[in-house]
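# 3D, please:
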Amino acid sequence: MAEVITNVKGTPIVSFEDQRDLGQEYLRNHVDVGLRKTNPDGSIARSRYHSAAVNMDWFYDNRFRMAGDRLQVVIAQPDEGWRAIKGIKNGNVGTKQVRAYEFVRDDKVLKFNQVVTVSDDEFVSDFTDKLDKESMKVILKILKKEFPSGGPSVPERKLPI
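Reported below is the predicted structural model:
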């Protein structure tokens with residue numbers, strides 16, 4: 001059975017291996033009725049798909065530090081986090097500030113606290129550890145509840161002029 005990481009607009013996101021297996025299972029169990037998107041000239045625009053794949057190493061990649069009793073995590077899902085994590089090897093994270101998500105324990109329950117920014121120097125020197133896959137599943141689940149649209153946002157207003 002495929003491990004579904006998350007869903008994006010109803011499409012399950014799985015590993016490349018699971019996507020291959022799901023595609024083969026679908027072909028074995030369903031008749032292709034030819035309902036494919038086509039180009040204006042009638043050629044097939046794309047194949048039908050029922051899942052999407054993501055590189056698991058990238059998806060769960062992270063760096064963290066403890067700041068007192070708070071856990072601060074930089075995740076690879078936003079482009080800025082991925083670039084910072086990849087740039088940590090040579091000390092150049094590509095930006096002066098990196099966004100980290102801060103968590104605290106409240107009555108033995110891990111909770112999101114706030115979004116913090118750390119300097120590039122702090123990131124390179126302090127964010128030297130990585131959480132394992134199971135821990136990141138917990139972190140990402142909390143963030144998905146906190147930011148259903150995929151990231152922190154600012155309040156919207158009407159046009160002021």
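# Flag every buried residue along stretch 94-103.
98-101, 103 (16 or more other CB atoms under 10 Å). C-betas here are computed from N, CA, C, even on glycine.
# Out of these, name the ones that lie in strands.
If you go by DSSP state E, the buried residues of stretch 94-103 have 98-101, 103 in strands.
# could you pull out the strands for the chain?
Going by DSSP E, the chain shows strands at 6-8, 11-14, 52-53, 62-67, 70-75, 97-106, 109-119.
# Can you check what pLDDT the model gives the residue sitting nearest the centre point of the chain?
In the chain, the C-alpha nearest the mean C-alpha coordinate belongs to Gln77, at 3.5 Å (CA atoms, centre = their mean). Predicted confidence (pLDDT) for Gln77: 81.
# That one touches Phe59, doesn't it?
Yes - using CB atoms under 8 Å, Gln77 is in contact with Phe59, at 7.3 Å.
# who's in contact with Leu140?
6, 60, 75, 77 (CB atoms under 8 Å, 6 or more residues apart in numbering).
# what would those look like in CSV with distance to Leu22?
Converted to CSV, the contacts of Leu140 look like this (distance: CB to CB, whole Å):
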residue, distance to Leu22
Thr6, 15
Tyr60, 20
Ile75, 26
Gln77, 22
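# Just the buried residues of these.
Buried among those by 16+ other CB under 10 Å: 60, 75, 77.
# ok so, going back, quick one: the strands of the chain as CSV, columns for distance to Gly23 too.
What follows is the strands of the chain, written out as CSV (distance: least, CB to CB, whole Å):
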stretch, distance to Gly23
strand 6-8, 17
strand 11-14, 10
strand 52-53, 10
strand 62-67, 29
strand 70-75, 28
strand 97-106, 34
strand 109-119, 35
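# Cheers, nothing more for now.
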